[in-house]
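Engineer: coordinates only, no sequence provided:
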């Protein structure tokens, strides 16, 4: 990603971002200020949705008694050849507000 983003210039000079990666990182820092982020990536061969769900549940990411928590999930499926073999990536995160 850094190599691809390095070719995109968003202007130079003082106080301006120089790459798409830098822009994304700056935006994330601003959005996540005041939060503690806990999470992990999961990778597995796809067999069925129940197996993927069970893997997410085993992370215990949702085990909390706090009410000021937000959750995030993202997925990516990478097919391999014409044999219907897929690699599934699931990213799960818990965002907890600081200072409460």
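Structural biologist: Here it is on my side, so go on. Here the structure is a predicted model, which is why all the values come from computation and not from measurement. Numbering: from 1, shown residues only.

Engineer: count the neighbours of residue 72 for me.
Structural biologist: By the measure other C-beta atoms under 10 Å, the count of residues near residue 72 is 12. (Glycine included, C-beta is placed from N, CA and C.)

Engineer: what helix or strand is the residue nearest the centre of the chain on?
Structural biologist: Nearest to the mean C-alpha position of the chain, by C-alpha atoms, centre = their mean, lies residue 91 at 5.1 Å. Remark: residue 91 resides in strand 85-97, with elements defined by DSSP states H and E.

Engineer: which of the residues in that strand are buried?
Structural biologist: 88, 90, 92-95 (16 or more other C-beta atoms under 10 Å).

Engineer: which secondary structure elements does it sit against?
Structural biologist: Strand 85-97 is packed against strand 35-45, helix 49-58, strand 69-80, with contacts defined by 3 or more C-beta pairs under 8 Å, 6 or more residues apart in numbering; DSSP states H and E.

Engineer: now those as TSV including distance to residue 21 and mean pLDDT?
Structural biologist: Output for the helices and strands packed on strand 85-97, formatted as TSV (distance: least, C-beta to C-beta, whole Å; pLDDT from 0 to 100):
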stretch	distance to residue 21	mean pLDDT
strand 35-45	18	91
helix 49-58	28	95
strand 69-80	17	92
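
Engineer: out of those, flag the one nearest residue 22.
Structural biologist: Across these, residue 22 has its closest neighbour in strand 35-45 (19.5 Å, C-beta to C-beta).

Engineer: nearest to residue 21, of the buried residues of strand 85-97?
Structural biologist: Comparing the buried residues of strand 85-97 against residue 21 with C-beta to C-beta places residue 93 closest, at 19.5 Å.

Engineer: and for the nearest residue to the closest one once chain neighbours are set aside, the neighbour number?
Structural biologist: Leaving aside its chain neighbours, residue 93 sits nearest to residue 39 (3.1 Å; criterion: C-beta to C-beta, 6 or more residues apart in numbering). Neighbour count for residue 39, taken as other C-beta under 10 Å: 15.

Engineer: contact partners for residue 39?
Structural biologist: By C-beta atoms under 8 Å, 6 or more residues apart in numbering, residue 39 lies in contact with 61, 72, 91-94.

Engineer: show me which residues of the longest helix along the chain are buried.
Structural biologist: Longest among the helix segments of the chain by residue count, using DSSP state H, is helix 20-32. Residues of helix 20-32 classed as buried: 20-21 (neighbour count, 16+ other C-beta under 10 Å).
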